[in-house]
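In: Just a sequence and a predicted model for now, questions to come.
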Amino acid sequence: MGVIGMGSAWLTFMPTLAQSPRVQIIAGADPRSAARRKFAADFSAEVFESAEALCASPAVEAVYVATPHRLHAHHVIAAAENGKHAICEKPMALTLDECDAMIAAVERAGTHLVVGPSQGFSPPILKIREMVKSEQFGTLGMVNTWAYKDFVYRARSLEELDPALGGSSVLNQGPHQVDVVRWIGGGLVRSVRAMVGMWDTSRPIDGAHAAFLEFEDGAAATLAFSGYGRFDTDELHDWVGEGGQQRPAGIYGNQRNRLVHMTAAEVAAAKASSIYGGGRERAVELNGGPPFHPHFGTTIVSCQHADLRPSPTGVTIYDDGGRREIPIPVGPTAQSGVVDELYQAVREGRPTLHDGRWGKATLEVLLAILQSSRERREVFLSHQVPTAD
Ligand SMILES: NC(=O)c1ccc[n+]([C@@H]2O[C@H](COP(=O)([O-])OP(=O)(O)OC[C@H]3O[C@@H](n4cnc5c(N)ncnc54)[C@H](O)[C@@H]3O)[C@@H](O)[C@H]2O)c1
């Protein structure tokens, strides 16, 4: 595989890709020379200044696209036109037209596209979907999911704080929530009503949302998100972090306190030094995966006869018999399901589940959240596809 874009996402996905027995990392592309030098040294890999040059390399069979949102379409299409499969970071793109162009390019080329990683791949979420689909607890009534974190107060480039270039917590963080509720609820969202908040004008991106989604079959989902670094839903998840790592309990507002008094330029400089090749990036553990399942806050799934909750170690069931835990083995790395999905499509001819149409349908919900908030009305959807399980 080749890696296109060596920023924060790459640091997060690196343990999964680097440790997968199904992947050999042989190439990387990024305009930043420091990142290329580090990549070449870390992986004994060929490096390129441009994604196009990497895509033209005959040795590369598939790419991981982790560039800023606005470049996803361009890079996935370049990969497909060169016969390469792709894992594309979320959100799939910024517009539905871009998604259509990506889907068409992949279909023309006969390659495979997986849109992820997102928390929709988390094993407890997949298990809950199995339980919901089997109707062992009756029909699904609602999925409620809350995530409170410090998204707005992470070190951000100037581009990430520009809504015109895709700076938005709905577009950046919303895919996790929308993928989770769509996967569990069967995929087909009928309509969206939402409020989106921008509460810190020094960081002019939306940073909070509350959304009500109705599925075609009448089930409902609510999404609540705050990226303002005050309450943290990891507190309700035994202080297990989003990546499945154990966090120190009770820390409060560290990131926000560190960044809130910095100018935008100082924050951008902090970001540049903290990403791959920046010199002050976090150490990445390449020896096994996290101890717990990844998650995205608190999610409670209510069926007629039980409430189900993804837990750090499996699924907790609350029904007439009481409360019990179904343990699920933690995967070898946090997002191994994403790699497995591409591998099974390419090598075993199985269909991709989180394909371009799935990614487009998730983006349609995200754009509807923004539109509903702007226009203060319910927005109806027309590009939804069912969960492909
Ligand atoms: N799934 C996740 O958990 C997760 C986590 C973080 C980010 N993301 C997603 O990954 C994407 C990237 O986000 P990020 O936080 O890593 O951003 P970032 O700014 O940290 O990194 C972007 C990288 O892309 C490189 N780049 C820019 N233009 C390029 C080009 N033309 N060709 C090749 N490389 C180029 C930059 O130099 C940088 O290294 C976003 O779409 C974001 O939503 C996903």
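Out: Received, thanks.
In: and residue 241, how many neighbours?
Out: By the criterion of other CB atoms under 10 Å, residue 241 has 18 neighbours. All C-beta spots, glycine's among them, are computed from the backbone N, C-alpha and C.
In: Does it touch residue 247 like I think?
Out: Yes. Counting by CB atoms under 8 Å, residue 241 sits close enough to residue 247 to count as a contact (4.6 Å).
In: residues in contact with residue 91?
Out: Neighbour list for residue 91: 69, 72, 166, 171-172, 174-175, 359, 362-363, 366 [criterion: CB atoms under 8 Å, 6 or more residues apart in numbering].
In: on that earlier part again, tell me the residues that contact both of residue 241 and residue 247, please.
Out: In contact with both residue 241 and residue 247: residue 234, using CB under 8 Å, 6+ apart.
In: Could you pick out which of the contacts of residue 91 are located in strands?
Out: Using DSSP state E, no member of the contacts of residue 91 falls in strands.
In: Scan those residues and report the most crowded one.
Out: residue 362 (32 neighbours).
In: Sticking with the closest residue to that one other than its chain neighbours, tell me its helix or strand.
Out: Among residues not flanking residue 362 along the chain, residue 178 sits closest, at 4.8 Å (CB to CB, 6 or more residues apart in numbering). Take DSSP states H and E as the rule and residue 178 turns out to sit in helix 169-185.
In: Which SSE is immediately downstream of the strand or helix carrying residue 17?
Out: Secondary structure from DSSP H and E places residue 17 in helix 8-19. Sequence-wise, the next helix or strand downstream of helix 8-19 (DSSP H and E) is strand 27-29.
In: For the residue in the chain that the ligand sits nearest to, give its distance to residue 354.
Out: At 1.7 Å from the ligand, residue 7 is the closest residue in the chain, using CB to the nearest ligand atom. Relative to residue 354, residue 7 is positioned 21 Å away (CB to CB, to the nearest Å).
In: who's more crowded, these two?
Out: residue 354 (28 against 24).
In: Now do the SS call for the more buried one.
Out: coil (DSSP: H, G, I helix; E, B strand; the rest coil).
In: Please verify my assumption that it contacts residue 117.
Out: No. At 9.3 Å, residue 354 and residue 117 do not qualify as touching, with contact defined as CB under 8 Å.
In: For residue 364, which non-adjacent residue is closest in space?
Out: Closest to residue 364 by CB to CB, 6+ apart is residue 383, at 4.7 Å.
In: Confirm residue 230 sits in a strand?
Out: No. Looking at residue 230 with three-state DSSP, it is coil, so not inside a strand.
In: need the residues of the stretch 251-389 of the chain near the ligand, please.
Out: residue 275 (CB under 6 Å from any ligand atom).
In: quick one: the helices in the stretch 251-389 of the chain?
Out: Ranges of helices in the stretch 251-389 of the chain, per DSSP state H, counting those that start in this stretch, are 254-259, 264-274, 336-348, 356-375.
In: just the ones you listed: most buried one?
Out: Mean neighbour count (mean count of other CB atoms under 10 Å) peaks for helix 356-375 among these, with a mean of 23.
In: Show me what it is packed up against.
Out: helix 96-109, strand 113-115, helix 169-185, strand 189-197, strand 208-215, strand 379-380 (3 or more CB pairs under 8 Å, 6 or more residues apart in numbering; DSSP states H and E).
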